[in-house]
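J.: This is the structure alone, sequence omitted:
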């Protein structure tokens, strides 16, 4: 929907960063799909994860309406960014229009997504391997950011993807990378959470890392730290994180 | 989407009541519409109210993507029912498929909806009369209730409507009805909130009344009390409410 020239602001790095954070730090989303019988748009709720390249992923039951809809028509959109206190429309939210691709079970991509998803949604282990449950990758085609009243921006699909030659190697070594990070700075997640949102607490842990940043989780809260630039190597990723000591507080 | 016979439970009064509460006590919703340029389903966030006949209403800017989409194709769906602590999918939510009808400004219906909407969304007075803001009534055609894992129900549009010969007279006298209710029982909203959710507090007030129940608001919290049967007259409405003294606690 691109004929809104009069109210759309020029997309800058701040808008891109906000959009990425809204997509990557969402535990769940509203998904809109097309009802295969009536053609109506159909909105429902899904748990959300991200793949190593920033592509959002959903875990869905074959019995649910949105799964059957995506099998019939791959077009979907995700709404992320939850409101807090006060006017719900004052809070930033992102609509990402995507094309759904089913993830083949027992493929390397499936294994990678499964590990990342469980690190974020531990309780999904109860059903993640049920035969009727599947992952979809939702490839972003474009997005529309509403940063609050009168602050609208359009983004491309690429704005939401993580383009790095280190994606694959990081995916296969992420567990070790996180272990090393925690060994060298046990308070990294907690200090970053305080820096981002003033949310201190003993339970913060890193729930996922990729070349553009990392996710932190504490109970039902999730936060995302985005690097200023996408790491092109594992070394660069590690130096991005060790440089954070200059910007996050001691606690 | 009605070919899910194996997982859909038989719709009973409990499911209908839960669905009505999910729709009528929602301050905001995810709305799914059809992008007029690409045909993609498009999800965004809207403030929600209800008309006197139970029809959900939205107040939207003509500049927003969902408004232009509804002008091109009236088919929409609303997702209501917000998650709380723990697994987001354990919380009940409702998808209501609707057909949008623009509400003509300066009509009696507009005045009625405007009053009800402001009683729920006081801050909307800042923009409700802007020339580019409009109401849509979203007439429910059918709905799909997910009451938590494995508890799915289908509903008709009529299940979500309030069918009473007293709708019109109540709409024109609602303010006086609420005033009388509060005069006869100043703690009605507060006691009902405690009975429904254990949520005590001094700020609970009645924000809307109709022939099927009433809404209560306290800051960002909204609750809905549904009567067991829809009142067919104003007298019956008043006796429904005075009979509540047997079921809500003294505080």
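T.: Perfect, thanks for sending it. As the structure is a prediction and not an experimental result, all values here were calculated from the model.
J.: Now tell me what touches the helix ranked longest in chain A from outside.
T.: The helix that spans the most residues within chain A, counting by DSSP state H, is helix A:167-184. The contact list for helix A:167-184 (C-beta atoms under 8 Å, 6 or more residues apart in numbering or on different chains) reads A:52-53, A:112, A:115-116, A:164, A:188-189, A:206, A:208-211, A:234, A:237-238, A:241-242. C-beta here means a position set from N, CA and C on the backbone, and glycine is covered the same way.
J.: and the next element down the chain from it?
T.: Sequence order places helix A:188-197 as the next helix or strand after helix A:167-184, per DSSP states H and E.
J.: by contact count, what packs against that next one?
T.: Where contact means 3 or more C-beta pairs under 8 Å, 6 or more residues apart in numbering or on different chains; DSSP states H and E, helix A:188-197 is packed against helix A:167-184, strand A:205-210, strand A:213-218, strand A:221-226.
J.: need those in a markdown table with distance to residue B:68 and mean pLDDT, can you?
T.: What follows is those, written out as a markdown table (distance: least, C-beta to C-beta, whole Å; pLDDT from 0 to 100):
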| stretch | distance to residue B:68 | mean pLDDT |
| --- | --- | --- |
| helix A:167-184 | 37 | 89 |
| strand A:205-210 | 35 | 94 |
| strand A:213-218 | 34 | 95 |
| strand A:221-226 | 31 | 95 |
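J.: As a markdown table, those with mean neighbour count would be great.
T.: Listed next are the helices and strands packed on helix A:188-197 as a markdown table, based on neighbours: other C-beta atoms under 10 Å in any protein chain shown:
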| stretch | mean neighbour count |
| --- | --- |
| helix A:167-184 | 15 |
| strand A:205-210 | 22 |
| strand A:213-218 | 23 |
| strand A:221-226 | 20 |
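J.: possible to save these as a markdown table with distance to residue B:29?
T.: Shown next, in a markdown table, are the helices and strands packed on helix A:188-197 (distance: least, C-beta to C-beta, whole Å):
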| stretch | distance to residue B:29 |
| --- | --- |
| helix A:167-184 | 36 |
| strand A:205-210 | 29 |
| strand A:213-218 | 27 |
| strand A:221-226 | 22 |
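J.: Buried subset of the contacts of helix A:167-184 as a ChimeraX selection?
T.: Per 16 or more other C-beta atoms under 10 Å in any protein chain shown, the buried members of the contacts of helix A:167-184 correspond to this ChimeraX selection:
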select /A:52,53,112,116,164,188,189,206,208,209,210,211,237,241
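J.: Chain B contacts on the stretch 101-250 of chain A?
T.: A:123, A:141, A:144, A:146, A:219-220 (C-beta under 8 Å from any C-beta of the partner chain).
J.: TSV please, covering those residues and showing pLDDT and neighbour count.
T.: As requested, these are exported to TSV (pLDDT from 0 to 100; neighbours: other C-beta atoms under 10 Å in any protein chain shown):
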residue	pLDDT	neighbour count
A:123	91	13
A:141	98	17
A:144	97	25
A:146	95	22
A:219	91	10
A:220	90	12
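J.: and which of the residues you listed is nearest residue A:18?
T.: Distance to residue A:18 across those (C-beta to C-beta) is lowest for residue A:146, with 10.4 Å.
J.: That closest one: what's it in contact with?
T.: Counted by C-beta under 8 Å, 6+ apart, residue A:146 has contacts A:92-95, A:152, B:44-45.
J.: Tell me what it is bridged to.
T.: Beta-bridge pairing for residue A:146 (DSSP bridges): residue A:93, residue A:152.
J.: the inter-axis angle of the longest helix of chain A versus strand A:205-210?
T.: 150 degrees (axes from the mean of the first three to the mean of the last three C-alpha atoms, to 10 degrees).
J.: Would you mind getting the angle between helix A:167-184 and helix A:188-197?
T.: Using the same axes, to 10 degrees: helix A:167-184 against helix A:188-197 is 100 degrees.
J.: How far off centre is helix A:167-184?
T.: The chain centroid and the centroid of helix A:167-184 are separated by 18 Å under C-alpha atoms, centre = their mean, to the nearest Å.
J.: again, but for stretch A:13-24
T.: 10 Å.
J.: cool, and stretch A:38-57?
T.: 10 Å.
J.: Next, the buried residues of it.
T.: A:40-57.
J.: next one: stretch A:107-117
T.: So stretch A:107-117, judged by 16+ other C-beta under 10 Å, has buried residues A:109, A:112-114, A:116-117.
J.: go on, stretch A:72-86?
T.: A:73-83.
J.: That stretch near chain B at all?
T.: Yes - contact between stretch A:72-86 and chain B, assessed by C-beta under 8 Å from any C-beta, occurs at A:75-79, A:83, A:85-86.
J.: Next, the distance between the ends of that stretch.
T.: 39 Å (C-alpha to C-alpha, to the nearest Å).
J.: and what of stretch A:72-82?
T.: End-to-end distance (C-alpha to C-alpha), stretch A:72-82: 29 Å.
J.: ranges for the strands of the stretch 51-200 of chain A?
T.: Residue ranges of the strands in the stretch 51-200 of chain A, as given by DSSP state E, counting those that start in this stretch, are A:56-61, A:75-80, A:93-102, A:133-146, A:152-156.
J.: about what we covered before: list, out of the buried residues of stretch A:38-57, those positioned next to chain B.
T.: Of the residues in these, proximity to chain B by C-beta under 8 Å from any C-beta holds for A:40-45, A:47.
J.: Surely residue A:98 is in contact with residue A:161?
T.: No - using C-beta atoms under 8 Å, residue A:98 is not in contact with residue A:161; the gap is 11.2 Å.
J.: Report the set of residues contacting both of these two.
T.: Taking C-beta under 8 Å, 6+ apart as the criterion, residue A:98 and residue A:161 both touch residue A:140.
J.: Give me the more crowded residue out of the two.
T.: Taking neighbours as other C-beta atoms under 10 Å in any protein chain shown, residue A:98 and residue A:161 compare with residue A:98 leading, 25 against 18.
J.: And the pLDDT at the residue lying closest to the more buried one once chain neighbours are set aside?
T.: With sequence-adjacent residues excluded and distances taken as C-beta to C-beta, 6 or more residues apart in numbering or on different chains, residue A:98 is closest to residue A:138, at 3.6 Å. At residue A:138, the model reports a pLDDT of 98.
J.: And for residue A:185?
T.: pLDDT at residue A:185 comes out at 86.
J.: count of residues packed around residue A:249?
T.: Other residues close to residue A:249 by other C-beta under 10 Å number 11.
J.: wait, it sits on residue A:192?
T.: No - distance between residue A:249 and residue A:192: 9.6 Å, which falls outside the contact criterion (C-beta under 8 Å).
J.: Many thanks, have a good one.
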